[in-house]
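Peer 1: With the input below, show me the fold.
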Amino acid sequence: MRLIHRCALVAGACTLALGFALPVMAQRMVNQPAQRGGPAGPDTKRVLIATFTSQDRRLGVEASDAVRKRVQDQYSMKQLWVVPKPEMDATLKGSGYPEDTALATTDLMELGKALRADYYVDGVARKTEDGVALQPRLQLKRGGSVLTEPLPAVSAKNFADVAKTVLKMLEDALKAMPAYIACEADLRAQRYDAAAADGRAAIAAYPASLLGRLCLLTAFNKPQAAPDSIIRVGNEILASDSTSVVALTTVADAYLAKSDTARAIDAGLKAWRLDESNRTLVVSIIGLLVNSGHADRALGLTEEVLRKDPAASGMLRTRWQLLLRLKRFREAVVAGEEMVKADTAEFTPDYPTRTGAAAALDSQFQVAAGIYERGVARFPKDAQLNLAYAQVLTRLGQLEKALAASHRAVANDSKLEAANIFVLNIELQLGHLDSVVAIAPRAIANGVPKAKVAEVLVGVLAPTVRKAQESKTREAWQETLKTAQMVDQIAPAAVTKYYVGVSAYSIGADAANQVTDLNNQLRAAKPAAQKAIRTKACEQAKIAEDHFAIATVAMSQGGGHEKDTAAQIMTGLGQAGEFITQAKTTFCK
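Peer 2: Below is the predicted model:
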């Protein structure tokens, strides 16, 4: 890049240097015959034959001089104007380069621009056991891109003989240039059929033409021709130039169109290896790997990008997402922290929600609580985030804080079913039974199914059921029935009706037992006491009848909750009918 830098640094410096170099140029032109057939016409193409790259600078200069002389001797100036070496040397010297410098491609393009070259010839020269070898290439500059037509390697005893072969190859390659240039014009004008014809013409003129195939590939790809045609031409290009990023990416797209994801990924990876600055390409490959079930390979590629560029845009987020996808939760928590530390804009609600969940799934509940706490501090109105915070606080036994967070969740999104249920459950765990009963209607109004609310309300029933089962007193079962009927009125469901039935049956059974006991007392009682006993037995018979009636209705609706117990109760109810009828006949006169 030195040539670009020095010429741009001081305006006119390159021109000034050329001015002082003219006497040297004139002197050398005396020793080197001018190209024949001058002057050149306005449309004559100019070719710059640069110093070839070599471990031995003198070897590179010798090779380029031999090729330049051969081309200069072959063509008249009107056919192809070869940039004279003195002119090239003067520009190099004026730019601060030694005259025998082999330039990098970008600097060579700038040199060619200064010398108004249309084509560039450079390559690599080396010694062999039998002589010398040359790997030449023909290049064109198009905007910010450099197009290359690689020419076959040539070996001979000396560079004069090498130059003969290179001349012939260059002649053949140049035959394709008119058709290729026409192809560029047709592509710009979006005449894709004409461009394809130009590409075929270029290949016909020079069967090895890489540029002709690039033209054809582009013409095929624009209207998206048959993938097989694109792949065929692309692979022909890659056979000549395995480093063609254009061919690799185009072939990758064609494979993708055929749903051949494996080959698409392979071609895309090869293209990215050649241009690792292409972030769009690597992101696309990572997406393909993930969608094809290779998230582990996608993670490896992401890690590779980050090793080379730790600040690569979006890659920290991609790594975090992939670790979550792969359920590598502990690593995902660390990766998420690195992501938001590197870029605070990444701290969206998605970050604490997913990273906190990862920590919780890894049993890092304290870490999860810390992440969620930061999240709700930043996004206090995020209902899902408040709910997740409440859930992890519950795991830590911090029920009061969990209750506050769950209430915030409902306040911010009253229709969030899980939050409504969670509020009820936390109130229940804290023993706030009155609050559960008071909040339950609100949850139903917020859209929570009554059956789900009923499942929580059963928790309100639990203490009374337990007390009744332990004490076996009618008073305890009456309290249970009262509570069961209350929750059934709020959220009628099989479970609530089941407990109504159990409670009512237990009360009825106790009353029926009382009738039996009173009947036994009646037999031993004196006549004066018998009337009171009969009255009391009648009252108990009616209590049994009323509660058995309640139990029959309730069990017919809620028996599915506990089928075995319900079946036993229904059997008992069936047998109780005759007993109640007889008791009322006997005692209720």
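
Peer 1: Tell me who's in contact with the closest residue to residue 297 other than its chain neighbours.
Peer 2: Distance criterion CB to CB, 6 or more residues apart in numbering; nearest residue to residue 297, sequence neighbours excluded, is residue 289 at 4.9 Å. In short, each C-beta sits where N, CA and C put it, glycine included. Neighbouring residues of residue 289 by CB atoms under 8 Å, 6 or more residues apart in numbering: 265, 295, 297-298, 301.

Peer 1: Surely residue 511 and residue 544 touch.
Peer 2: Yes. Applying CB atoms under 8 Å, one finds residue 511 in contact with residue 544, separated by 3.8 Å.

Peer 1: Show me this protein divided up by domain.
Peer 2: 2-175, 188-265, 276-346, 493-587 (automatic domain parsing).

Peer 1: Now tabulate those domains in JSON lines and tack on distance to residue 389 and mean pLDDT.
Peer 2: Shown next, in JSON lines, are the domains of the chain (distance: least, CB to CB, whole Å; pLDDT from 0 to 100):
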{"stretch": "domain 2-175", "distance to residue 389": "51", "mean pLDDT": "81"}
{"stretch": "domain 188-265", "distance to residue 389": "40", "mean pLDDT": "92"}
{"stretch": "domain 276-346", "distance to residue 389": "16", "mean pLDDT": "95"}
{"stretch": "domain 493-587", "distance to residue 389": "30", "mean pLDDT": "92"}
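
Peer 1: want to throw these into CSV with distance to residue 446?
Peer 2: CSV is the format used below for the domains of the chain (distance: least, CB to CB, whole Å):
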stretch, distance to residue 446
domain 2-175, 60
domain 188-265, 46
domain 276-346, 31
domain 493-587, 17
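
Peer 1: Ok, which of those comes nearest residue 356?
Peer 2: The minimum distance between residue 356 and those falls on domain 276-346, with 8.8 Å, by CB to CB.

Peer 1: So for the closest one, first residue to last residue, what's the gap.
Peer 2: 24 Å (CA to CA, to the nearest Å).

Peer 1: Among the contacts of residue 289, which pair sits farthest apart?
Peer 2: Largest separation among these by CB to CB: 265 and 295, giving 13.0 Å.

Peer 1: quick one, which of those two is more surrounded?
Peer 2: residue 265 (23 against 18; other CB atoms under 10 Å).

Peer 1: Does that one fall in a helix, a strand, or a coil region?
Peer 2: helix (DSSP: H, G, I helix; E, B strand; the rest coil).

Peer 1: Distance of it relative to residue 233?
Peer 2: 20 Å (CB to CB, to the nearest Å).

Peer 1: And the contacts of the strand ranked longest in the chain?
Peer 2: Across the chain, the longest stretch assigned as strand under DSSP state E is strand 132-142. Contact with strand 132-142 is made by 52, 59, 63, 67, 105, 108-109, 112-113, 118-127, 146-151, 153-159, 162, 166, 169-170, 173-174, 184, 211, as judged by CB under 8 Å, 6+ apart.

Peer 1: for stretch 495-511, same thing?
Peer 2: Under CB under 8 Å, 6+ apart, the answer for stretch 495-511 is 454-455, 457-458, 461, 465, 468, 474, 477-478, 480-481, 484-485, 487-488, 540-541, 543-548, 550-551, 553-555, 557-559, 561-562, 565-566, 569, 572-573, 576.

Peer 1: cool, and stretch 427-438?
Peer 2: 394, 399-400, 403, 424, 439, 456-457, 459-460, 463, 486-487, 490.

Peer 1: could you redo the last one with a cut-off of 7 Å?
Peer 2: By CB atoms under 7 Å, 6 or more residues apart in numbering, the residues outside stretch 427-438 that reach it are 399, 403, 424, 439, 456-457, 459-460.

Peer 1: per-residue confidence averaged over it?
Peer 2: For stretch 427-438, mean pLDDT rounds to 93.

Peer 1: How about the backbone phi and psi for residue 55?
Peer 2: phi -70, psi -30 (degrees, to the nearest 10).

Peer 1: quick one: residue 120 is in a strand?
Peer 2: Yes. Assessed with three-state DSSP, residue 120 lies in a strand.

Peer 1: can you tell me which residues contact it?
Peer 2: Residue 120 touches 48, 50, 108, 112, 139, counting by CB under 7 Å, 6+ apart.

Peer 1: Out of those residues, which end up buried?
Peer 2: 48, 50, 108, 112, 139 (16 or more other CB atoms under 10 Å).

Peer 1: Without its sequence neighbours, what residue ends up closest to the third one?
Peer 2: Across the structure, with CB to CB, 6+ apart as the measure, the residue nearest residue 108 apart from its sequence neighbours is residue 50 (5.5 Å).

Peer 1: wait, doesn't that neighbour sit right on residue 110?
Peer 2: No. When contacts are counted by CB atoms under 7 Å, residue 50 is not listed as touching residue 110 (11.7 Å).

Peer 1: ok, back up a step: which stretch of helix or strand covers the residue nearest to residue 297?
Peer 2: helix 279-291 (DSSP states H and E).

Peer 1: In that helix, which of the residues would be classed as buried?
Peer 2: Using 16+ other CB under 10 Å as the test for burial, helix 279-291 gives 281-286, 288-290.

Peer 1: chain center to stretch 239-249: distance?
Peer 2: Offset of stretch 239-249 from its chain centre (CA atoms, centre = their mean, to the nearest Å): 27 Å.

Peer 1: Touching it from outside, list them.
Peer 2: Contacts for stretch 239-249 (CB under 7 Å, 6+ apart): 148, 150, 208, 210, 214, 217, 234, 237-238, 267-268, 270-271, 274-275, 281.

Peer 1: I'd like to know which of those residues are buried.
Peer 2: 148, 150, 208, 210, 214, 217, 234, 237-238, 267-268, 270-271, 281.

Peer 1: Closest one of the residues you listed to residue 528?
Peer 2: The nearest member of those to residue 528, counting by CB to CB, is residue 268 at 107.3 Å.

Peer 1: Just confirm the closest one is within a strand.
Peer 2: No. Assessed by three-state DSSP, residue 268 does not belong to a strand; its assignment is helix.

Peer 1: Check which residues of the longest strand of the chain are buried.
Peer 2: Buried-residue list, strand 132-142, by 16+ other CB under 10 Å: 132-141.

Peer 1: Just put the residues you listed in CSV and tack on distance to residue 383.
Peer 2: As requested, the buried residues of strand 132-142 are exported to CSV (distance: CB to CB, whole Å):
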residue, distance to residue 383
132, 77
133, 73
134, 72
135, 67
136, 69
137, 64
138, 66
139, 61
140, 61
141, 59
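
Peer 1: Kindly check the end-to-end length of stretch 429-436 for me.
Peer 2: Terminal residues of stretch 429-436 are spaced 10 Å apart (CA to CA).

Peer 1: List the buried residues for it?
Peer 2: 433, 435-436.

Peer 1: Which ones among those residues map onto helices?
Peer 2: If you go by DSSP state H, the buried residues of stretch 429-436 have 433, 435-436 in helices.

Peer 1: from those, which is closest to residue 536?
Peer 2: Distances from residue 536 to these, taken by CB to CB, are shortest for residue 433, at 35.2 Å.

Peer 1: how far away is the closest one from residue 489?
Peer 2: In terms of CB to CB, residue 433 sits 16 Å off from residue 489.

Peer 1: Start and end of stretch 128-137, how far apart?
Peer 2: Span of stretch 128-137 from end to end, CA to CA: 19 Å.
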